[in-house]
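>>> when you get a sec, could you give me coordinates for this:
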Amino acid sequence: MKIFKKVAIVLLVIFAIAQFFRPEKNEGDVTSINAFIAETNPPKEVQEILKNTCFDCHSSNTRYPWYSNITPVNFWLADHVKDGKKHLDFSNWNSYNLKRKEHKMDELHEEVAKGEMPLNSYTWTHADARLTPEQIEAVVSWGKKVQADYKQQMSVE
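The predicted model follows:
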């Protein structure tokens, strides 16, 4: 029993010290998604869905839950956000060329339609991110329309 107690104390000390080491937070300018919103013009319902299900991991506007202050959870979240932004970053929408925007919209509506986005690991802790069939249809319809608009623009160029 003594060895267990010593190991528990060492682990507790390591855990306490680890709390002083934190990754940088992903908190940019809230207006950074305005270009995406203005260009793609989602209906209010879709805009709210994007805010609750996409922007935390796919923009520079992450809303951090209370448990993000606990190491090692904060490192896991930081890696999750970094990976999400690598695939799609709404904050950098203006830097994407027309072909990339069209492709990203295609991926967006396909991933939502297949139920692969938002990720289960996100919806476990964000109940408002669980999409109803009606919300999925709204996002998919909007995404297809925006994608079609981009395709049309590409055919004109």
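
>>> contacts only, for residue 25.
Each residue near residue 25 by C-beta atoms under 8 Å, 6 or more residues apart in numbering is listed here: 62, 64, 78. To be clear about C-beta, it is placed using only N, CA and C from the backbone, and glycine gets the same treatment.

>>> residue 13: which of those residues is nearest?
Residue 13 has its nearest neighbour among the contacts of residue 25 in residue 78, at 23.7 Å by C-beta to C-beta.

>>> relative to the whole chain's centre, how far out is the host helix or strand of the closest one?
Residue 78 belongs to helix 73-87 when assigned by DSSP states H and E. Here helix 73-87 is found 9 Å from its chain centre; the criterion is C-alpha atoms, centre = their mean, to the nearest Å.

>>> give me the contacts around it.
Outside helix 73-87, the residues that touch it by C-beta under 8 Å, 6+ apart are 22-26, 56-60, 62, 64, 67-68, 91, 107, 121.

>>> now it: buried residues?
Residues 74, 77-78, 80-81, 84-85 are the ones in helix 73-87 that count as buried (16 or more other C-beta atoms under 10 Å).

>>> please apply the same query to stretch 119-130.
122, 129.

>>> ditto for stretch 96-110
Within stretch 96-110, the residues scored as buried using 16+ other C-beta under 10 Å are 96, 101-102, 104-109.

>>> which of those fall in helices?
If you go by DSSP state H, those have 101-102, 104-109 in helices.

>>> low-scoring stretches of this protein, by residue?
Applying pLDDT under 70 to the chain flags the ranges 1, 14-18, 23, 26-31, 68, 157.

>>> any idea where the helices of it begin and end?
2-18, 34-40, 44-53, 55-58, 73-87, 98-113, 120-123, 133-156.

>>> dump the buried residues of stretch 96-110 to TSV, plus distance to residue 47.
Converted to TSV, these look like this (distance: C-beta to C-beta, whole Å):
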residue	distance to residue 47
96	19
101	17
102	20
104	17
105	15
106	20
107	19
108	14
109	15
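
>>> farthest-apart pair in those residues, please.
Farthest apart among the buried residues of stretch 96-110 - using C-beta to C-beta - are 96 and 109, which lie 16.2 Å from each other.

>>> ok, the residue minimising distance to the centre of the chain - contacts?
Nearest to the mean C-alpha position of the chain, by C-alpha atoms, centre = their mean, lies residue 57 at 2.1 Å. Counting by C-beta under 8 Å, 6+ apart, residue 57 makes contact with 80-81, 84-85, 122.
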